[in-house]
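Visitor: Next input, structure requested:
(chains A and B)
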Amino acid sequence: MKKNAFTGAEMVVKALAALEVKYIFGYPGGSVLDIYDAIFQQSDFEHILVRHEQAATHMADGYSRATGKVGVVLATSGPGATNCVTGIATAYMDSIPMVVLAGQVPTNLIGDDAFQETDIVGCSRPIVKHSFNCRTLEDIPNTIAKAFYIAKTGRPGPVVVELPKDILMPHNKGEFHIETDVKMRSYNPTKKGHPKQIRKAVKTINSAKRLVVYSGGGIVLADAAELLTELVETLNAPCTNTLMGLGGISGTHKNFIGMLGMHGSVEANKTMANADVILALGARFDDRVTNNVKKFCPDATIIHVDIDPTSISKTINAHIPVVGLIDIVLQQLLDELKESNYHINQQANDSWWQQINAWRALNSASYVQDDGKIKPQRVIESMYKITNGKAYVCSDVGQHQMFAAQHYPFAKPRQWINSGGLGTMGFGLPAAMGVKLAFPDSHVICITGDGSIQMNIQELSTCLQYNLSVVIISLNNRSLGMVRQWQDMIYGGRHASSYMESLPDFVKLAESYGHIGMQINNLDELDEKLTQAFEIKNRLVFVDVLVDELEHVYPMQIRLGAIDDMWIRKGEKA
Amino acid sequence: MRRILAILLENEPGSLSRIVGLFSQRAFNIESLTVAPTEDASLSRITIATSGDDRVLEQIVKQVNKLIDVIKITDLTERSHIERELLLIKVLAMNEKSRTEVKRITDIFRGSIVDIGKQIYTVQLTGDAEKLNAFIETMGNETEIIESVRSGCVGIGRGEKALRV
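Guide: Residues are numbered from 1 along each chain as shown, chains lettered A, B, ... in the order given. All right, here's what the predicted structure looks like:
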């Protein structure tokens, strides 16, 4: 036997080690058992055994969002791989770097409808950045290296690598060689913004009277929060973040005017609507931001910076497009501003802020805590105080997500982790588990609801196995809150299938998985019990908070209106 | 508006299906599509005939460009270019009169008869889509068309500029 000869399965493991992977998330099955055997015999990285492959993808995703590293998933062929589809789509929509290694039946059986066969490359094609069919064992290391490179460069995204069983098996061996410094002739993402466009952008900023900075998830992905803050301070401009961009500038910064969009603050949406120049940074003019595109900010000159040319002028026409990496372009903008001897137009800036502060004074996300029922907003505020604003908050999807986005001012990027683009219920708990693995000493919260938590609740078992002491705070309103809110507002209050008539006893449920369960149904005990929950360090705590089931999320854009056409309370327009 | 796109991409398994998938996912129309490896076997070249206004076309071009396998894409209709399509057509040639007529039309259109059966001639013709349409119409007026197949167009820009690595 040749020296340095390895099986395909060993090559997978060696490649992951060479790429400095620390955790992979997966579930074994026939076609990948050779890889599992190779994982068993190494100590470079840890494998986390999930209870459902969808959760593996969300864990890898959460891990990636919190650390900036590539999240790695291992699934078997057929059902294992198809169970990953929702998680892949979630990562794709939010541009999260992820590599999914999917087993496949042996090459000679592909296409025969063999046991546990699906064409996962075909299934996932519309929701991946790229995919590979690996056909020889010698290809394995460099294919995995390429997958990592593609996943994390340019506009990041998920990459699927399909590995047929025969190239993994022990009877075949080959030499291991990996090029971690990947170069590809067909893929060279643009990094630097075009200097002419940068000059044009700065000229437009220089002449602006009502400037606004609208920044999205791209800021977070590029770790460009400090540069963004510097730019906003240099310009003394108001800055609004998208749901994905929260933490891009500190939530308590004086220039931050809150989130924009469907449940954004009135001041953010009004500022956008009345701006004469919009500087959009790593944001994609999602329909949850723009509302009716025909009525979108008619007077504004739009400067749009994005790494992905397809995002520019897709829904809203950009007057000055700049393609490049956000951190590099931000530095270029700052340099050019200095070069152009930029001075704030004090008079225009003052009157712009006066106007914005008047909108701010409406206090549009406020709520009334009158009767004894616990308002969900109040829970988030309490959570913020107890954790000193320092927790990682991983959210599921629904009203609780919006309440958290509105009422927990995130100081830093990567602190707020949620499924923005796809809106995947069931994301919160596994994502929080991925974050907890990355930062075991930090408070990691899964903010969820009685609907969302049940979509991946089996992972409580994984939490027990790896002692992941996440704090789950479930805003239990005995219904699918956001669905019901829409039914209240749009469907004449007909609650079709939005009421959960058979909820489990969440306390007992948590206890049955070996965790601590806690219920809060009285406002008076809210702070005390939440404090207790956060004091418990080495156990998972499931806090079931019975909140006011009638509460709606406000403000909310009026359907098909302009960006700033908003309801601020039931029946009251801004 | 009709457009001819030329795409140079890595000759990898799945790269064609990614292009086709992209068109169908985004509801872009494909009128015709031709593909084959180039003189460098590691590269494939695709010609796609599609239609859409400037805005749609800009998205198509950007989306195709975004695919990892794609090296270059160009809109040939933006400038002077050569466009060709191959037609194979089987027509009824029952008697002397119709055989003469088929031969005559084929000659006028500079096609060639590539197969002869007892009652059927097969004609090969290349040209742009308009020429092929005219040929089919003329032939249809003279005799019965039994079967036809068209390759879809291939295109190349005129002059110095070339689509290459």
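Visitor: and residue B:94, how many neighbours?
Guide: For residue B:94, the count of nearby residues is 12 (other C-beta atoms under 10 Å in any protein chain shown). The C-beta positions use only the backbone N, C-alpha and C, and glycine is treated the same way.
Visitor: Next one: it, what pLDDT does it get?
Guide: Note on residue B:94: pLDDT of 93.
Visitor: mind checking which helix or strand it is in?
Guide: Using DSSP states H and E, no element contains residue B:94; it sits outside every helix and strand.
Visitor: would residue A:550 count as being in a helix?
Guide: No - with DSSP: H, G, I helix; E, B strand; the rest coil as the criterion, residue A:550 is assigned coil and is not in a helix.
Visitor: On the C-terminal side of whichever strand or helix holds residue A:61, identify the next helix or strand.
Guide: Per DSSP H and E, residue A:61 falls inside helix A:53-67. Sequence order places strand A:71-75 as the next helix or strand after helix A:53-67, per DSSP H and E.
Visitor: Using PDB, write out every CA atom in that next one.
Guide: Taking Å, rounded to 0.1, in the frame of the first residue of the first chain, the C-alpha atoms of strand A:71-75 are listed here in PDB:
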ATOM      1  CA  GLY A  71     -21.100  26.500   8.600                       C
ATOM      2  CA  VAL A  72     -20.700  22.800   7.600                       C
ATOM      3  CA  VAL A  73     -23.400  20.200   7.400                       C
ATOM      4  CA  LEU A  74     -23.200  16.400   6.700                       C
ATOM      5  CA  ALA A  75     -26.300  14.500   5.600                       C
END
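Visitor: How many residues are close by residue 80?
Guide: Picking chain A for this. 26.
Visitor: should've been chain B
Guide: 10.
Visitor: One more: residue A:123?
Guide: Quick note: residue A:123 (other C-beta under 10 Å) scores 18 neighbours.
Visitor: residues contacting it?
Guide: A:81, A:82, A:85 (C-beta atoms under 8 Å, 6 or more residues apart in numbering or on different chains).
Visitor: Then residue A:568?
Guide: A:266, A:362, A:364, A:554, A:555, A:574.
Visitor: Contacts only, for the nearest residue to the first one once chain neighbours are set aside.
Guide: What it means is residue A:266. Spatial nearest neighbour of residue A:266, excluding adjacent residues (C-beta to C-beta, 6 or more residues apart in numbering or on different chains): residue A:364 at 3.8 Å. By C-beta under 8 Å, 6+ apart, the residues touching residue A:364 are A:265, A:266, A:267, A:554, A:555, A:566, A:568, A:574.
Visitor: Report the two of the residues you listed separated the most.
Guide: Across the contacts of residue A:364, the longest distance by C-beta to C-beta is 13.9 Å; it joins A:267 and A:554.
Visitor: out of the two, which sits in the busier spot?
Guide: Between residue A:267 and residue A:554, residue A:267 has the larger neighbour count (other C-beta under 10 Å), namely 26 against 22.
Visitor: Now that one. Nearest residue, chain neighbours left out?
Guide: Nearest to residue A:267 is residue A:359, by C-beta to C-beta, 6+ apart, at 3.9 Å.
Visitor: so what's that neighbour up against?
Guide: A:266, A:267, A:270, A:271.
Visitor: Highest neighbour count among those?
Guide: Most surrounded of the contacts of residue A:359: other C-beta under 10 Å gives residue A:271, at 30 neighbours.
Visitor: Was I right to think that residue contacts residue A:240?
Guide: Yes - counting by C-beta atoms under 8 Å, residue A:271 does reach residue A:240; the two are 6.7 Å apart.
Visitor: shared neighbours of these two, anything?
Guide: Common neighbours of residue A:271 and residue A:240 (C-beta under 8 Å, 6+ apart) are A:212, A:257.
Visitor: buried ones in the helix or strand where residue B:102 lies?
Guide: Residue B:102 belongs to helix B:96-108 when elements are defined using DSSP H and E. Neighbour counts over helix B:96-108 (16 or more other C-beta atoms under 10 Å in any protein chain shown) mark B:98, B:99, B:101, B:102, B:105, B:106 as buried.
Visitor: helix or strand right after it?
Guide: Next along from helix B:96-108, by DSSP H and E: strand B:112-116.
Visitor: Tell me which strands that following strand pairs with, and in which orientation.
Guide: strand B:120-127 (antiparallel) (DSSP bridges).
Visitor: Give me the distance from the strand it pairs with to the chain's centre.
Guide: The chain centroid and the centroid of strand B:120-127 are separated by 15 Å, computed with C-alpha atoms, centre = their mean, to the nearest Å.
Visitor: Report pLDDT for residue 60.
Guide: Since no chain was named, I'll use chain A. The per-residue pLDDT reported for residue A:60 equals 98.
Visitor: sorry, should have said chain B
Guide: pLDDT at residue B:60 comes out at 93.
Visitor: Also residue B:161?
Guide: Residue B:161 is assigned 89 on the pLDDT scale.
Visitor: burial count for it?
Guide: 10.
Visitor: where's it relative to residue A:476, distance?
Guide: Using C-beta to C-beta, to the nearest Å, residue B:161 is found at 65 Å from residue A:476.
Visitor: repeat for residue A:488
Guide: Taken as C-beta to C-beta, the span from residue A:488 to residue A:476 is 18 Å.
Visitor: So which of these two has more stuff around it?
Guide: Between residue A:488 and residue A:476, residue A:476 has the larger neighbour count (other C-beta under 10 Å), namely 27 against 16.
Visitor: Surely that one touches residue A:448?
Guide: No - using C-beta under 8 Å, residue A:476 makes no contact with residue A:448, being 9.2 Å away.
Visitor: Now pLDDT, secondary structure and distance to residue A:426 too, for the contacts of residue A:364, in a markdown table please.
Guide: Formatted as a markdown table, those follow (pLDDT from 0 to 100; DSSP: H, G, I helix; E, B strand; the rest coil; distance: C-beta to C-beta, whole Å):
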| residue | pLDDT | secondary structure | distance to residue A:426 |
| --- | --- | --- | --- |
| A:265 | 98 | coil | 28 |
| A:266 | 98 | helix | 31 |
| A:267 | 98 | helix | 33 |
| A:554 | 97 | coil | 26 |
| A:555 | 97 | coil | 27 |
| A:566 | 97 | strand | 29 |
| A:568 | 93 | strand | 31 |
| A:574 | 86 | coil | 33 |
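Visitor: which one of those sits closest to chain B?
Guide: Among those, residue A:566 lies closest to chain B (C-beta to the nearest C-beta), at 29.4 Å.
Visitor: Show me what the closest one bridges to in the sheet.
Guide: residue A:557.
Visitor: Help me confirm that residue A:425 comes into contact with residue A:451.
Guide: Yes - using C-beta under 8 Å, residue A:425 is in contact with residue A:451, at 6.4 Å.
Visitor: For these two, list the residues in contact with both.
Guide: residue A:398.
Visitor: Name the residue in these two with the higher neighbour count.
Guide: residue A:451 (27 against 22).
Visitor: low-scoring stretches of the chain, by residue?
Guide: Since you didn't name a chain, this refers to chain A. A:1-3 (pLDDT under 70).
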